[in-house]
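# please find the sequence and the predicted model below.
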Amino acid sequence: MRKRWLWVAAQVLAVAWALSGSIRPLRADEIVSGRSIGAWLRILQDRHSTDRDLAIQALSEVGAKDPRVVPALAAAVTDPLYGSFAIAALGRFGPSANQAVPTLSAIMLRHPVTSWRIIAADALWQIAKSPACIDVLIHILDDPDKIVRSEAAAALGRIGSPAKKATPRLLRALGDQAAVRITAVEALGQIRAEPRAAVPALAKALRDPWPLVRTNAAKALACFGGEATNAIPALERASKDIDANLRVEAAYALWCIDKRQDALRRLYSALARFDFETEGAACIAIRRLADIGRENEDVAPRLMEFLNHGHPLKVEIAMALWDLNRRPEAVAALTAALEDEQFVIRRVAARALETLGSDARSAVPALLKALARTPDQEQFVPEISPDDPPALVEPNTQSVFESCRLEAWMALQKIDPAAASRYHSQHPDSVRSLAPHD
């Protein structure tokens, strides 16, 4: 269950960042994450406050829509504890954070902590697409610290095809330590350059002793599509590996290369038959089926069959269906999941609905109901595997319950601000219990 939560949370957060870019006017006293924007700005400037990280998170949700935010975060990059958080937040604003470019350039070129230079290069690329970012990251691939080298490779991958000049150096990184190989193989797929050299190297990486290197190599080969035909024999072997994640990614790569139907059947099989150990692979299969469904109209009906038959991964399937064609059944399934006996499913469903914004207005009554629930109405179901040690069992049902209410509240604010405002006015103590307040 924990693997499932991490996977879904990652997908949901990625969509949430994309949706946060919509522009609307902000009031100076508007409440964000329980405090006014002005209050968060004051916290950020107070070097004695222990909530500076929360302030950066809240202000990053506001973005450049408030003209005070970019200068405040640009000033916060010197914070020795949370400056890197501020740098990353500025990068997510894109070109609207252009005024922070001189500050970020200085950090990228001269900061004594190399990992901060990587974060700054990442942010600068998002803001200004400066070629200097690529040169700096390639140079950092020679850093003596393997974690730093791994982070640099990952950053080059995020830049994608404009970083094609890094391909020769990333190919050499496939002979580096495991931490570097893991991100280097993925970066090669994201950049997708020099297939004559990259494809054979990635096919060889399918036999790497580290599972994550093998899985990322299959993902990278999928990115090359028809240019990776020479890797088909290696992917066929990988699709029968004992590692369930590798089997799924190899099947998807085979589909991307030559659209073979048996690869599609293997993905359906991963979704139809799984256990606790292979649940993560089933979640990956859902994501890959959604990708295929954008060009294969048969996928959505099959996913609907799984959903209608009460598949345990209903939240993930519902999100995949929404991504495919914004089906109303997806919102209905996520709304129903708000009352699931598993608290983790409720939390993930609420967070998923939040990413849908106003398209999920039909879920507002259920979200209000979730906010009105009390602990005595609940029967606590531990969110762990039966094989986990007793120490992992959540002893405090109240805290788990309140986390569900918090997710419902955050979703309500995003989906229907007017309904959230009315609830806040009618139940101020309820909202005050969920989040910090002024």
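Yep, that arrived. Because the structure is predicted, anything quoted here is derived from the model rather than measured.
# ranges for the helices of the stretch 201-350 of the chain?
Assigned by DSSP state H, counting those that start in this stretch, the helices in the stretch 201-350 of the chain fall at 211-224, 232-238, 244-258, 261-272, 279-293, 299-308, 314-325, 328-337, 343-356.
# any stretches of this structure with poor pLDDT?
1-29, 375-398, 435-438 (pLDDT under 70).
# this structure: strands as residue ranges?
31-32, 35-36 (DSSP state E).
# relative to G160, which of the helices of the stretch 201-350 of the chain is closest?
Across these, G160 has its closest neighbour in helix 211-224 (9.9 Å, Cβ to Cβ). Every C-beta, even on glycine, is put in place using the N, C-alpha and C of the backbone.
# who touches the closest one?
178, 181-183, 185-186, 188-190, 192, 195, 198-199, 202-203, 205-208, 228, 231, 235, 238, 241, 243, 245-246, 249-250, 252-253, 255-257 (Cβ atoms under 8 Å, 6 or more residues apart in numbering).
# whichever of those residues end up buried, select them in ChimeraX.
Command for ChimeraX that selects the buried part of the contacts of helix 211-224, burial taken from 16 or more other Cβ atoms under 10 Å:
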select :181,182,183,185,186,188,189,190,192,195,198,199,202,203,205,206,208,228,231,235,238,241,243,245,246,249,250,252,253,255,256,257
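# quick revisit: kindly reformat the helices of the stretch 201-350 of the chain as JSON lines containing distance to R110.
Putting the helices of the stretch 201-350 of the chain into JSON lines (distance: least, Cβ to Cβ, whole Å) gives the following:
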{"stretch": "helix 211-224", "distance to R110": "32"}
{"stretch": "helix 232-238", "distance to R110": "44"}
{"stretch": "helix 244-258", "distance to R110": "40"}
{"stretch": "helix 261-272", "distance to R110": "48"}
{"stretch": "helix 279-293", "distance to R110": "40"}
{"stretch": "helix 299-308", "distance to R110": "50"}
{"stretch": "helix 314-325", "distance to R110": "42"}
{"stretch": "helix 328-337", "distance to R110": "47"}
{"stretch": "helix 343-356", "distance to R110": "38"}
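# of those helices, which approaches D51 most closely?
helix 343-356 (22.0 Å).
# which one is V148 nearest to, not counting chain neighbours?
Closest residue to V148 apart from its sequence neighbours, by Cβ to Cβ, 6 or more residues apart in numbering: T114 at 4.9 Å.
# can you pull out the residues in contact with stretch 280-294?
Against stretch 280-294 from outside (Cβ under 8 Å, 6+ apart): 3-4, 7-8, 11, 244-245, 247-249, 251-252, 255, 264, 267-268, 270-271, 274, 299-300, 302-303, 313, 316-317, 320-321, 323-324.
# mind running it again at 6 Å?
The contact list for stretch 280-294 (Cβ atoms under 6 Å, 6 or more residues apart in numbering) reads 3-4, 7, 244-245, 248, 252, 267, 270-271, 274, 299-300, 316-317, 320, 323-324.
# now it - C-alpha only, PDB.
Provided in PDB are the C-alpha atoms of stretch 280-294 (Å, rounded to 0.1, in the frame of the first residue of the first chain):
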ATOM      1  CA  GLY A 280       3.500  -1.200  -7.600                       C
ATOM      2  CA  ALA A 281       4.000  -2.900 -11.000                       C
ATOM      3  CA  ALA A 282       0.200  -2.900 -11.500                       C
ATOM      4  CA  CYS A 283       0.100   0.800 -10.800                       C
ATOM      5  CA  ILE A 284       2.800   1.300 -13.400                       C
ATOM      6  CA  ALA A 285       0.800  -0.800 -15.900                       C
ATOM      7  CA  ILE A 286      -2.200   1.500 -15.400                       C
ATOM      8  CA  ARG A 287       0.000   4.500 -16.200                       C
ATOM      9  CA  ARG A 288       1.400   2.900 -19.300                       C
ATOM     10  CA  LEU A 289      -2.000   1.800 -20.500                       C
ATOM     11  CA  ALA A 290      -3.200   5.400 -20.200                       C
ATOM     12  CA  ASP A 291      -0.300   6.400 -22.400                       C
ATOM     13  CA  ILE A 292      -1.200   3.800 -24.900                       C
ATOM     14  CA  GLY A 293      -4.800   4.800 -24.700                       C
ATOM     15  CA  ARG A 294      -4.100   8.100 -26.300                       C
END
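# off-centre distance for that stretch?
Between the mean C-alpha location of stretch 280-294 and the chain-wide mean there is a distance of 15 Å, by Cα atoms, centre = their mean, to the nearest Å.
# same deal with stretch 360-372?
Taking mean C-alpha positions (Cα atoms, centre = their mean), stretch 360-372 and its chain are 24 Å apart.
# list the buried residues of it.
Buried-residue list, stretch 360-372, by 16+ other Cβ under 10 Å: A360, A363, V364, A366, L367, L368, A370, L371.
# right, I'll call it a day here.
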